[in-house]
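A.B. asks: okay, here's the prediction I keep looking at, along with the sequence it came from:
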Amino acid sequence: MKAGIVGLPNVGKSTLFNCLSNAKAQSANFPFCTIEPNIGVVNVPDPRLEKLESLVNPEKVVPATVEIVDIAGLVKGASKGEGLGNQFLANIRETDAILHVLRCFEDDNIVHVDGSVDPIRDKETIDIELQLKDLETVEKRLERVKKAARTGDKAAQAEFETLDKIKNTLEAGQSVRAIEFGEKELEFVKPLQLITIKPVLYVCNVDEGAAVSGNEFVEKVKTAVANENAEVLVLAVGTEADINELEDYDERQMFLEEAGLDEPGSAKLIRAAYKLLNLQTYFTAGVKEVRAWTINIGDTAPQAAGVIHTDFEKGFIRAEVIKYDDYVALGSEAKVKEAGKLSVEGKEYIVQDGDMMNFRFNV
């Protein structure tokens, strides 16, 4: 599962990517600095993992990870191939969620491709290009389905109606994620790999003074996306880059305190991206290893077991489940069992975020 960082050129995408991944993607004050998409596998910050480490004292700790992709900046006309449009759109199609970076700070030293700072205009520029590309995809499919629908083919007629609904939404300047689809409709929609159906998180890149409470640009963004069911995160990307340069933990903490932050904003962003991708964590804990495992929200116990090894899913018998809070309160698996707080779950059990699990299986 991958989240793609998108935005206009020069809004701070590559600097943000560097902060998230500690990979040093090229970052410079001119458009199209990022040409090939950079991919970083990022650890998901999780205080629960640190707590488990202190209780279990394992030989190693393995955090959950999420893939972040830094994609080339998009410009007007990208849907028609302007700039690096075709490459940008192909790269973003391969991601599962979008981290849309908007410039929400004034700085005469950093060029804006449109000559002034206006995050709402910038957002609309990208929205329009992505919607136009989706419209092109839908219209091509409509042409194919139309003939079959005219012959009275019921499945083709149902698909035509779904596609026509999408077409009307896009032509009205709305993204596909605004539509609520039924289960049958989704069967027609999924193969299209539409870009604007992907979940989005808006990242407002502000200056250091606005890192805690935002600014008027941020308020405008929040108003503009109020009906999109999308989260808005405020991040001072330049400040994050400065924090990232500090090797010493105490120095980092001091810097954060001076900026009025309780943790790096990049940590909040990684967790938000993880959630955006519909992911959650369960834990296994033993003296050899304490580990966070990544699964989809809604996965069953056998599906969760399959993340460790396919044999665990195939031969699943049962799962022994301890709630994280119970483990922390009582201090060990043995004490949890003594207190009768360990539950035995079957194949239908839906795993909850933070569950601590042992699996019994037979192949």
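C.D. replies: Sure, I can see it. If you're wondering where the values come from, they're calculated on a predicted model, not measured in any experiment. Numbers count the residues shown, from 1 in each chain.

A.B. asks: phi and psi next, for the residue nearest to Leu170 when sequence neighbours are not counted.
C.D. replies: Excluding the flanking residues, the one nearest Leu170 by C-beta to C-beta, 6 or more residues apart in numbering is Leu135, at 4.5 Å. Just so you know, the C-beta spots here come from the backbone N, C-alpha and C atoms, and that holds for glycine as well. Here is the backbone geometry of Leu135 (degrees, to the nearest 10): phi -60, psi -40.

A.B. asks: which strands or helices does the one helix or strand Gly4 maps to pack on?
C.D. replies: With secondary structure defined by DSSP states H and E, Gly4 is part of strand 2-6. Judged by 3 or more C-beta pairs under 8 Å, 6 or more residues apart in numbering; DSSP states H and E, the packing partners of strand 2-6 are helix 13-21, strand 65-70, helix 85-93, strand 97-103.

A.B. asks: got the end-to-end distance for stretch 308-318?
C.D. replies: With C-alpha to C-alpha, to the nearest Å as the measure, the ends of stretch 308-318 fall 15 Å from one another.

A.B. asks: now do that stretch: distance to the chain's middle.
C.D. replies: Relative to the chain's own centre, stretch 308-318 is displaced by 28 Å; criterion: C-alpha atoms, centre = their mean, to the nearest Å.

A.B. asks: touching it from outside, list them.
C.D. replies: 284, 293, 301-303, 305-306, 344-347, 359-363 (C-beta atoms under 8 Å, 6 or more residues apart in numbering).

A.B. asks: now with 7 Å?
C.D. replies: With C-beta atoms under 7 Å, 6 or more residues apart in numbering as the test, stretch 308-318 has contacts from 293, 301-303, 305-306, 344-347, 359-363.

A.B. asks: one more: stretch 333-343?
C.D. replies: By C-beta under 7 Å, 6+ apart, stretch 333-343 touches 320-322, 326-327, 330.

A.B. asks: and of these, the nearest to Leu130?
C.D. replies: For those, the residue nearest Leu130 by C-beta to C-beta is Val321; the value is 41.3 Å.

A.B. asks: so where's the stretch 151-300 of the chain uncertain?
C.D. replies: Along the stretch 151-300 of the chain, no part satisfies pLDDT under 70.

A.B. asks: in it, which spans are strands?
C.D. replies: 200-205, 231-235, 279-285, 289-296 (DSSP state E, counting those that start in this stretch).

A.B. asks: switch the ones you listed over to TSV; also include distance to Ile243.
C.D. replies: Listed next are the strands of the stretch 151-300 of the chain as TSV, based on distance: least, C-beta to C-beta, whole Å:
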stretch	distance to Ile243
strand 200-205	15
strand 231-235	11
strand 279-285	25
strand 289-296	24
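
A.B. asks: highest mean neighbour count out of those?
C.D. replies: The highest mean neighbour count among the strands of the stretch 151-300 of the chain, using mean count of other C-beta atoms under 10 Å, belongs to strand 200-205: a mean of 24.

A.B. asks: give me the phi and psi for Gly298.
C.D. replies: phi 100, psi 0.

A.B. asks: perfect, that will be all.
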